[in-house]
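Student: Here you go, sequence then predicted model.
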Amino acid sequence: MNLVHCNSSVQEERRSSLAVIMASISEWYAGKNVLITGATGFMGKVLMEKLLRSCPDVKALYILVRPKAGQSMSERVQDMMMCKLFDRVREDNPDFHQKIIPISSELTQPGLAISPEDVQTLTSCINIVFHCAATIRFDEPLKHALQLNVIATQQLLSLAQQMQHLQAFIHISTAYANCNRRHIDEVIYPPPVEPKKLIDSLEWMDDSIICDITPRLIGDRPNTYTYTKALAECVVQQESGKLNIAIIRPSIVGASWQEPFPGWIDNFNGPSGIFIAAGKGILRTMRASNDAVADLIPVDVVINLTLAAGWYTAVHRPKTALVYNCTTGGINPFHWGEIEHHVMSTFKRNPLEQAFRRPNANITSNYLINQYWILVSHKFPALIYDLFLRLSGQKPQMMRIFNRLHKAIGLLAYFSSQDWEWNSDNMNMLMSQLSADDRRTFNFDVRQLNWPEYIENYCIGTKKYVLNEDMSDIPAARQHLRKLRNIRYTFNTVLLVFIWRVFIARSQMARNIWYFVVSLCFKFLSYFRASSTLTQ
Ligand SMILES: CCCCC/C=C\C/C=C\CCCCCCCC(=O)SCCNC(=O)CCNC(=O)[C@H](O)C(C)(C)COP(=O)(O)OP(=O)(O)OC[C@H]1O[C@@H](n2cnc3c(N)ncnc32)[C@H](O)[C@@H]1OP(=O)(O)O
Ligand SMILES: NC(=O)C1=CN([C@@H]2O[C@H](COP(=O)(O)OP(=O)(O)OC[C@H]3O[C@@H](n4cnc5c(N)ncnc54)[C@H](OP(=O)(O)O)[C@@H]3O)[C@@H](O)[C@H]2O)C=CC1
């Protein structure tokens, strides 16, 4: 009798684990408590939105939030939920905010500054963690980047170790964590330095000493961001213990492709600021290689893959942490030269308001040519415009804007001037594990991505959601571009006449050329006049 009971309970257990494996992704998230760091950021918001919309039975989203810029934690969360990004979720479930539980946390503080009561709540209920928070600034001082990207990850892992019902821990890294390599596999590479040693050393060091040794430490990586993200991956590996871990490595995360609507973007990071600067006619030249692969990846693709990886990690519990390179270059490549073409074409058809000049940006890999155009197309017009502002009693501002732009493009050029090759076997493997329905709901098949259409929606997204410009103002923006074109023609003509006058006054040869050209023009004019009189 006992044996029969035992057999049937084993069968029951097998059946339920089979049911878990067979469950769709949204069924798996049903009833789950999810912890998200970086929920107020670009990717965190899209992650929350997708979970609430496509996994409507998820139990609760616990989000770690800090007060910021004079706003309390609750005010920030209230504001975030009003955001247009959540319109579709709001339509489906007007009470969706009840599922969002903000937890006060400052990730750079000991214990992540989470209260003991909140620690108790989190350790007793969380089923899955998505760690998105990071500083993504390229100019972040090393100590702060280390504090947030590495030490906070370490502390979060230690909190995760105490969670009694945790089934998966998903860490968001970057495809550029190992950008000092040309070919990047889905493995965690040995760190540039033992993270614990660096943490201990930097603890007692003066900020100025750290600043001095930073270039030596980061070595062949371009900034503290990629350096600390590489260290964070190593920490995840070292401190994972028995947790089921996965690491997602997106490349350059851009506007949404399809969900919740095409073109969603809310920041100036990566290429978005560059697109805007080009659309406003401010950016005319940038160092980038026309033929280098632009490894952009839409944010909804990254989030769909992240949620699918969360499900797979929890259900299949791979023996070692799986790394997912989430990139497009190896599957559906597109190049910076093509991006330039489509960005320019979109902004000419759909101009941004109050452009400084007509959009006309070119990328070049040649240092000297770029410097020449910076002088002629950036600095010279900025100087003239600032002079005009000064003369009209206003504060000059254009040179300051250009200095900031030059700092930004200087930091970004590393990524747009060379190629990398990422292996994406795990992304393909994960796709093959999804049911046909899940593949549709959590689509991360970038083979279907139509680049020209995506770039057009991306640019329009920057106009609508970053700059908050209205599409109905496009006729006025076009009129403004026509005005700018006329100003340019007039300016060029005046400049030409001025230059010739200066030369003519000083050089006999210039005078001769000038009289020759003018007499040629007269001859042509009289020829046309004569021929038109004859035909009458
Ligand atoms: C038309 C031709 C186009 C062809 C395209 C060619 C090339 C594409 C170029 C680049 C692509 C490469 C991208 C590589 C990404 C690598 C992938 C990653 O892993 S992700 C992380 C990406 N991180 C970033 O992108 C962060 C980069 N930004 C920074 O590090 C800093 O913002 C900074 C550039 C150093 C500037 O710092 P600063 O202190 O001076 O300014 P703030 O950040 O405080 O911002 C002040 C103000 O300016 C706005 N802002 C920020 N960046 C830009 C920008 N690039 N252009 C315009 N405006 C920008 C910012 O929002 C602030 O506004 P406000 O004061 O209103 O809040
Ligand atoms: N954007 C991109 O192109 C790419 C991003 N990634 C990775 O994706 C992840 C998300 O990036 P993304 O959403 O773009 O970044 P964002 O800068 O938009 O968001 C960062 C998030 O981290 C939070 N955060 C930062 N500092 C603290 C702190 N001290 N305490 C608490 N929270 C903090 C921010 O909160 P707050 O709002 O309070 O500042 C915000 O929610 C990162 O790990 C990044 O490395 C990888 C590849 C490309």
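Tutor: Cool, got the structure. Numbers count the residues shown, from 1 in each chain. Ligands and ions are numbered 1, 2, ... in the order given.
Student: helices or strands next to the helix or strand Leu157 falls within in the packing?
Tutor: Taking DSSP states H and E as the criterion, Leu157 maps to helix 152-161. If contacts are counted by 3 or more CB pairs under 8 Å, 6 or more residues apart in numbering; DSSP states H and E, helix 152-161 sits against helix 116-125, strand 128-131, strand 168-172, helix 224-239. Using the backbone N, CA and C atoms, a C-beta is placed for each residue, glycine as well.
Student: Could you check the angle it makes with strand 168-172?
Tutor: Angle between the axes of helix 152-161 and strand 168-172 is 170 degrees (criterion: axes from the mean of the first three to the mean of the last three CA atoms, to 10 degrees).
Student: Adjust the sequence numbering to begin at 156 for everything that follows.
Tutor: Okay, using 156 as the starting number, the last item reads as helix 307-316.
Student: In the stretch 506-655 of the chain, which residue sits closest to ligand 2?
Tutor: Residue of the stretch 506-655 of the chain nearest ligand 2, by CB to the nearest ligand atom: Phe570 (10.0 Å).
Student: who's in contact with that residue?
Tutor: Under the criterion of CB atoms under 8 Å, 6 or more residues apart in numbering, the neighbours of Phe570 are 331, 334, 377, 407.
Student: and the two most separated of those?
Tutor: Farthest-apart pair in the contacts of Phe570 is Pro377 and Ile407; separation 13.8 Å (CB to CB).
Student: and these two? which has more neighbours close in?
Tutor: Ile407 (20 against 17; other CB atoms under 10 Å).
Student: How about the stretch 356-505 of the chain: which residue is closest to ligand 2?
Tutor: Residue nearest to ligand 2 within the stretch 356-505 of the chain (CB to the nearest ligand atom): Val408, separated by 3.5 Å.
Student: quick revisit: CSV for the helices and strands packed on helix 307-316, including distance to Ile659 and mean pLDDT?
Tutor: CSV is the format used below for the helices and strands packed on helix 307-316 (distance: least, CB to CB, whole Å; pLDDT from 0 to 100):
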stretch, distance to Ile659, mean pLDDT
helix 271-280, 80, 98
strand 283-286, 70, 98
strand 323-327, 65, 98
helix 379-394, 56, 98
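Student: Off-centre distance for stretch 275-292?
Tutor: 21 Å (CA atoms, centre = their mean, to the nearest Å).
Student: Which positions in it come out as buried?
Tutor: By neighbour count with 16 or more other CB atoms under 10 Å, stretch 275-292 contains the buried residues 276-278, 280-291.
Student: Around the nearest residue to Asn422 once chain neighbours are set aside, count how many other residues there are.
Tutor: Distances taken as CB to CB, 6 or more residues apart in numbering put Phe197 closest to Asn422, at 5.4 Å, once the chain neighbours are dropped. When neighbours are counted by other CB under 10 Å, Phe197 registers 21.
Student: ok, Phe197 - contacts?
Tutor: With contact set as CB under 8 Å, 6+ apart, Phe197 has these partners: 408, 420-422, 424, 454.
Student: State the distance from it to Glu272.
Tutor: Phe197 is 30 Å from Glu272, where distance means CB to CB, to the nearest Å.
Student: which stretches of the stretch 356-505 of the chain have low pLDDT?
Tutor: Along the stretch 356-505 of the chain, segments meeting pLDDT under 70 are nowhere present.
Student: and it, which residues reach ligand 1?
Tutor: Contact residues (CB under 6 Å from any ligand atom) of the stretch 356-505 of the chain with ligand 1: 407, 423-426, 428-429, 432-433, 441, 443, 491, 494-495, 498.
Student: Out of these, list just those in helices.
Tutor: If you go by DSSP state H, those have 426, 428-429, 432-433, 491, 494-495, 498 in helices.
Student: My guess is Tyr217 contacts Leu190. True?
Tutor: Yes: Tyr217 lies in contact with Leu190 (CB atoms under 8 Å); the separation is 4.8 Å.
Student: related to what we said a few turns ago, what is the neighbour count of the closest residue to the residue of the stretch 356-505 of the chain closest to ligand 2 other than its chain neighbours?
Tutor: Leaving aside its chain neighbours, Val408 sits nearest to Val454 (5.2 Å; criterion: CB to CB, 6+ apart). Residues lying near Val454 (other CB under 10 Å) number 23.
Student: Check Leu650 too.
Tutor: When neighbours are counted by other CB under 10 Å, Leu650 comes out with 10.
Student: how close does it get to Arg656?
Tutor: 11 Å.
Student: Check the contact lists of these two and give me the overlap.
Tutor: Common neighbours of Leu650 and Arg656, counting by CB under 8 Å, 6+ apart, are absent.
Student: Now do the same contact list for whichever residue of the chain sits closest to ligand 2.
Tutor: Closest contact between the chain and ligand 2, by CB to the nearest ligand atom, is at Gly196 (2.0 Å). Residues in contact with Gly196 (CB under 8 Å, 6+ apart) are 287-288.
Student: swap in the one 4 residues further on?
Tutor: Contacts here follow CB under 8 Å, 6+ apart; on that basis Lys200 touches 194, 235, 238, 240, 421.
Student: and Trp528, what element?
Tutor: Counting by DSSP H and E, Trp528 is found in helix 522-528.
Student: So what's the residue count around Ile368?
Tutor: 13.
Student: what does the one 5 residues further on give?
Tutor: The number of residues packed around Ile373, counting by other CB under 10 Å, is 21.
Student: Which secondary structure state does Ile403 sit in?
Tutor: With DSSP: H, G, I helix; E, B strand; the rest coil as the basis, Ile403 sits in strand.
Student: What pLDDT is listed against the residue of the chain closest to ligand 2?
Tutor: Looking at Gly196, its pLDDT is 98.
Student: Same check on Val657?
Tutor: 82.
Student: repeat for Lys239
Tutor: Here, the pLDDT recorded for Lys239 equals 96.
Student: correct me, but it touches Tyr620?
Tutor: Yes: counting by CB under 8 Å, Lys239 does reach Tyr620; the two are 7.0 Å apart.
Student: Looking at these two, which is more packed in?
Tutor: Tyr620 (20 against 13).
Student: is it true that the more buried one touches Gly418?
Tutor: Yes: at 7.3 Å, Tyr620 counts as touching Gly418 under the criterion of CB under 8 Å.
Student: How about the residues of this protein by ligand 2?
Tutor: Residues of the chain found near ligand 2 (CB under 6 Å from any ligand atom) are 193-199, 221, 223, 260-263, 287-291, 303, 327, 329, 384, 405, 407-408, 422, 424-425.
Student: could you flag which of the residues you listed are buried?
Tutor: In those, the ones that pass as buried (16+ other CB under 10 Å) are 193-199, 221, 260-262, 287-291, 303, 327, 329, 384, 405, 407-408, 424-425.
Student: quick check, stretch 326-336 touching ligand 1?
Tutor: Yes: counting by CB under 6 Å from any ligand atom, ligand 1 has neighbours in stretch 326-336: 329, 331.
Student: what sits up against that stretch?
Tutor: 193, 198, 285-287, 289, 308, 339, 344, 374-377, 380-381, 384-385, 387-388, 391, 400-406, 450, 461, 478, 480-482, 569-570, 575, 577.
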